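Student: Generate a structure from the sequence data that follows.
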Amino acid sequence: MRRSVTLLALISVLVFVQVPAGAIDSDLPRASASFGADVRKVAYDGDVLYVGGRFTGARDVDGDLASRRYLAAVDTADGSLLPFAPELDGPVYDVVTAGGYLYVSGDFRRVEGVSMPRVARFGLDTGRLDPEWRPLPSATVFAVEPAGDTVYLGGRFARVAGADRRHLAAVSAGDGSVLGSFKAAVGDGSVRDIEHADGRLYISGSFGHVEGEERHGKLAALDPAAGALDPSFDARVYVLIRQIAVDGDRVYAALDGRGGELRAFDRGGEALWHQGVDGGVQAVTVWDGAIVAGGHFDRACVTNRSGPTGECVDGTKADRGKLFAVDSGGRMLPWNPGANGVIGVWDLETHPRGSNIAAGGTFTTFGGGSMWQQRLAIFD
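Tutor: Numbering: from 1, shown residues only. The predicted model follows:
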């Protein structure tokens, strides 16, 4: 037993050497605005953090209550709630900032009293809805990915703007019209996340196949222009992947199955390592050399070796309530915010300057119950 403790201590020292010391300064988040129900997604525009989810109310950092229906904004410099308060009639599942706009998607039908089903955008400079951009998807949109003149949509829809597009579509960033040149063949299930990076369009979710190939279900790479499958990325994953993060030639995936797992892939889709936990992993981001994951787990394997059903091959686990971090080699870092909640963490995003990260979810406390911070957390 003494030998095991000594060995673990040595591993911890080595991990600190390999990762920049300033990557994660504190286990506890700073005080900021909180929300009355799930925060599903967050997105930065400089120091402004946009927040989307199932909430209809918020509590400012000073304790004042405010109405916020499914969409809000927070000043990350001081944690305060900002005046941005558009009226939506249903939940928001994604928020993204790009090209001077805030894009939002989900299960809403009307925005600011205007018929705007499931996806909409606001001007970042004015905060006003753009009523002319209306892609009109036929069902839930889980993911929005703007890339230059194109905006990719992922979800469980079958049609967009009257055109047949199952689960994945590309529309014009100018007027929201469907791009006829992009025709992806994504079958069964839904697309939950989209990342345009490294000359590819990566998609993840619960879909069963792409172009009839089941080996490319759940996680695949496509040609961003035409939507054709890129078979050179061959990850072969068979459980739901809610979120991915691309960093250089690495793809990090949050696996919500086999107990739960954070997995790293190279550009060809070969698994480099996988970190097992005792519940689903739902979110992932990269922060100053560390890979941060969130979900509805409570314990994680001390080593990055897990078996076919998510069990720890080395037989030991560490307490990691809803959040953990590893280095680029998959080695566990000591950071342990100790969040609560059944669902835990839905989303993680890194500030564009790398100064902090934001987490959204169902949690209400950190530090094993020592700090109240409800459903939104900002870590320095």
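Student: Every contact and neighbour count from this point should use C-alpha atoms.
Tutor: Noted.
Student: Give the residue spans of the stretch 151-300 of the chain that score low on pLDDT.
Tutor: Along the stretch 151-300 of the chain, the model assigns pLDDT under 70 to no residue.
Student: Swap in 80 and give it another go.
Tutor: 258 (pLDDT under 80).
Student: Gly269 touches Asp234, doesn't it?
Tutor: Yes. Between Gly269 and Asp234 there is a contact under Cα atoms under 8 Å: 4.7 Å.
Student: Count residues in the vicinity of Pro131, would you?
Tutor: Look at Pro131: counted by other Cα atoms under 10 Å, it has 14 neighbours.
Student: For it, list the residues it contacts.
Tutor: For Pro131, the contacting residues are 114, 116, by Cα atoms under 8 Å, 6 or more residues apart in numbering.
Student: what about it, distance to Leu179?
Tutor: 20 Å (Cα to Cα, to the nearest Å).
Student: where exactly do the helices run in the chain?
Tutor: 2-18 (DSSP state H).
Student: Gly127: neighbouring residues, count only.
Tutor: Neighbour tally, Gly127, other Cα under 10 Å: 15.
Student: Tell me the pLDDT of the nearest residue in space to it that is not next to it in sequence.
Tutor: Of all residues not flanking Gly127 in the chain, Phe84 sits nearest, at 6.9 Å (Cα to Cα, 6 or more residues apart in numbering). We have a pLDDT of 98 for Phe84.
Student: My guess is Phe84 contacts Ala72. True?
Tutor: Yes. With contact defined as Cα under 8 Å, Phe84 reaches Ala72; the gap is 6.0 Å.
Student: what about the two, which has more around it?
Tutor: A direct count of neighbours by other Cα under 10 Å for Phe84 and Ala72 places Ala72 higher, at 25 against 15.
Student: roughly how far apart are the more buried one and Gly361?
Tutor: In terms of Cα to Cα, Ala72 sits 15 Å off from Gly361.
Student: Which residues are in contact with the closest residue to Val171 other than its chain neighbours?
Tutor: Excluding the flanking residues, the one nearest Val171 by Cα to Cα, 6+ apart is Val178, at 4.3 Å. Val178 makes contact with 135, 160-161, 163, 169-172 under the criterion Cα under 8 Å, 6+ apart.
Student: thinking again about what came up before, now the residue nearest to Gly127: phi and psi?
Tutor: phi -50, psi 120 (degrees, to the nearest 10).
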